[in-house]
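Peer 1: Let me see the structure of the following:
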Amino acid sequence: MDAIYRRGRATAAEVHAALPDAPHASAVRTMLRILEGKGQLRHEKDGPRHVYFPTTPRPVAQRSALRHLLSTFFGGSRAAAIAALVDDAERPLTDSERAELDVVLARLRESGR
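Peer 2: Numbers count the residues shown, from 1 in each chain. Have a look, this model is predicted:
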């Protein structure tokens with residue numbers, strides 16, 4: 001999906017070329033058909049090729065995926081998810097990331113959220 005979101009629309013060959021350690025081309029085509037069957041993608045014919053495009057705007061899909069991640073791994077707790085992200089000893093927060101978080105938290109406090 002990321003390869004298609006980045007391009008806006010893509011053929012199976014373009015998706016295959018965009019994947020690191022890509023599986024066989026037929027596996028990519030199968031995955032695209034599965035995603036289409038689930039309603040995540042649609043396609044248009046361009047000669048002999050199918051050109052796939054997402055059915056959901058990326059921001060909507062991001063929110064849906066994040067909600068699923070929160071409920072599946074963090075019991076719905078945004079605080080637990082944020083703590084897991086910022087408490088990563090392998091990649092500590094940079095000063096600019098800390099400043100960015102301070103701005104977000106201040107904005108949330110001001111708005112009462």
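
Peer 1: How much space separates Ala84 from Glu36?
Peer 2: Counting by C-beta to C-beta, to the nearest Å, the gap between Ala84 and Glu36 amounts to 33 Å. For the C-beta atoms, the positions are set from N, CA and C on the backbone; glycine is no exception.

Peer 1: Specify which residue of those two has the higher count of neighbours.
Peer 2: Glu36 (15 against 12; other C-beta atoms under 10 Å).

Peer 1: Dump the C-alpha coordinates for the lowest-mean-pLDDT helix or strand in the chain into PDB.
Peer 2: For the chain, counting by mean pLDDT, DSSP states H and E, helix 78-86 ranks last in confidence among helices and strands (a mean of 90). Provided in PDB are the C-alpha atoms of helix 78-86 (Å, rounded to 0.1, in the frame of the first residue of the first chain):
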ATOM      1  CA  ARG A  78      -2.500   6.500  23.500                       C
ATOM      2  CA  ALA A  79      -0.200   7.300  26.400                       C
ATOM      3  CA  ALA A  80       1.200   3.700  26.400                       C
ATOM      4  CA  ALA A  81       1.900   3.900  22.700                       C
ATOM      5  CA  ILE A  82       3.600   7.200  23.000                       C
ATOM      6  CA  ALA A  83       5.700   5.900  25.900                       C
ATOM      7  CA  ALA A  84       6.700   2.900  23.800                       C
ATOM      8  CA  LEU A  85       7.800   5.200  21.000                       C
ATOM      9  CA  VAL A  86       9.800   7.700  23.100                       C
END
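
Peer 1: Mind listing what's buried along that helix?
Peer 2: Across helix 78-86, burial judged by 16 or more other C-beta atoms under 10 Å covers Ala81.

Peer 1: by contact count, what packs against that helix?
Peer 2: helix 58-73 (3 or more C-beta pairs under 8 Å, 6 or more residues apart in numbering; DSSP states H and E).

Peer 1: Let me see the mean pLDDT of the helix it packs on.
Peer 2: Helix 58-73 comes out with an average pLDDT of 95.

Peer 1: which other residues reach it?
Peer 2: Met1, Tyr5, Pro54, Thr56, Gly76, Ser77, Arg78, Ala81 (C-beta atoms under 8 Å, 6 or more residues apart in numbering).
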